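S.K.: need a structure here:
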Amino acid sequence: MAVKFAGTMNAINRGLDATKPAKGADMVEDWEAALADIETPGAKGILRDLASLRKQLEKDAPDVDRVHALLHRLGAATTKIAEKADTSQEKLRALGEALTEAGEDSPDEEEDVAAAASPKRARKKA
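M.R.: The predicted structure follows:
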C-alpha cells in the first residue's frame, strides 16, 4: 500500500491538473482494489465515491466541478477512516487532508450522498 500512498501524494503535490485523467483513473482502480476487502465503517462510501471519480476520469470531458466535489468528499472520508485504521494512520490522514484541499466542498453533493447512501432500500421499495 506504500506505493499507492506515494503515487497518489506525488500526483497531488505536483498538482492534480498536471495528472492525466487516464493516470488518475488507474490510481483510483488501485485504491478500489486495495479497499475492496476492508470492512471498516466508512470504506463502502469511499469505494462508491472512488467509482464515481473513476467514471468521471474515464470520460472524454470530465465534469471538473463533480471531480472537485468528489475529491473533497473522499478527503473528508479518508481523514475520518484514518482514525480506525490498524496501520498507516498518519499516511491516511495526510492523504485525506491533501484530497480535501485539492477538492472543493459542494453543498449540492449533500443531496447525492443521502440518495446514494441507501440505493438498495430504494430499489426494494420500488
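S.K.: show me what contacts the residue nearest the centre of the chain?
M.R.: The structure's the chain has its C-alpha centroid closest to residue 74; by Cα atoms, centre = their mean the separation is 3.7 Å. With contacts defined as Cβ atoms under 8 Å, 6 or more residues apart in numbering, residue 74 is in contact with 46, 49-50, 53, 96, 99, 103. Every C-beta, even on glycine, is put in place using the N, C-alpha and C of the backbone.
S.K.: and if you look at residue 67?
M.R.: Residue 67 neighbours (Cβ under 8 Å, 6+ apart): 53, 56-57, 103.
S.K.: circling back to that earlier point, which SSE is immediately downstream of the helix or strand containing the residue nearest to the centre of the chain?
M.R.: Residue 74 belongs to helix 64-82 when elements are defined using DSSP states H and E. Counting by DSSP H and E, the element after helix 64-82 in chain order, helix or strand, is helix 89-102.
S.K.: what's that following helix packed up against?
M.R.: helix 2-14, helix 64-82 (3 or more Cβ pairs under 8 Å, 6 or more residues apart in numbering; DSSP states H and E).
S.K.: those: lowest mean pLDDT?
M.R.: When the helices and strands packed on helix 89-102 are compared by mean pLDDT, helix 2-14 comes last with a mean of 80.
S.K.: so for the very next helix or strand once past it, what's the average pLDDT?
M.R.: Toward the C-terminus, helix 2-14 is succeeded by helix 21-35 as the next helix or strand (DSSP H and E). Averaged over helix 21-35, pLDDT sits at 87.
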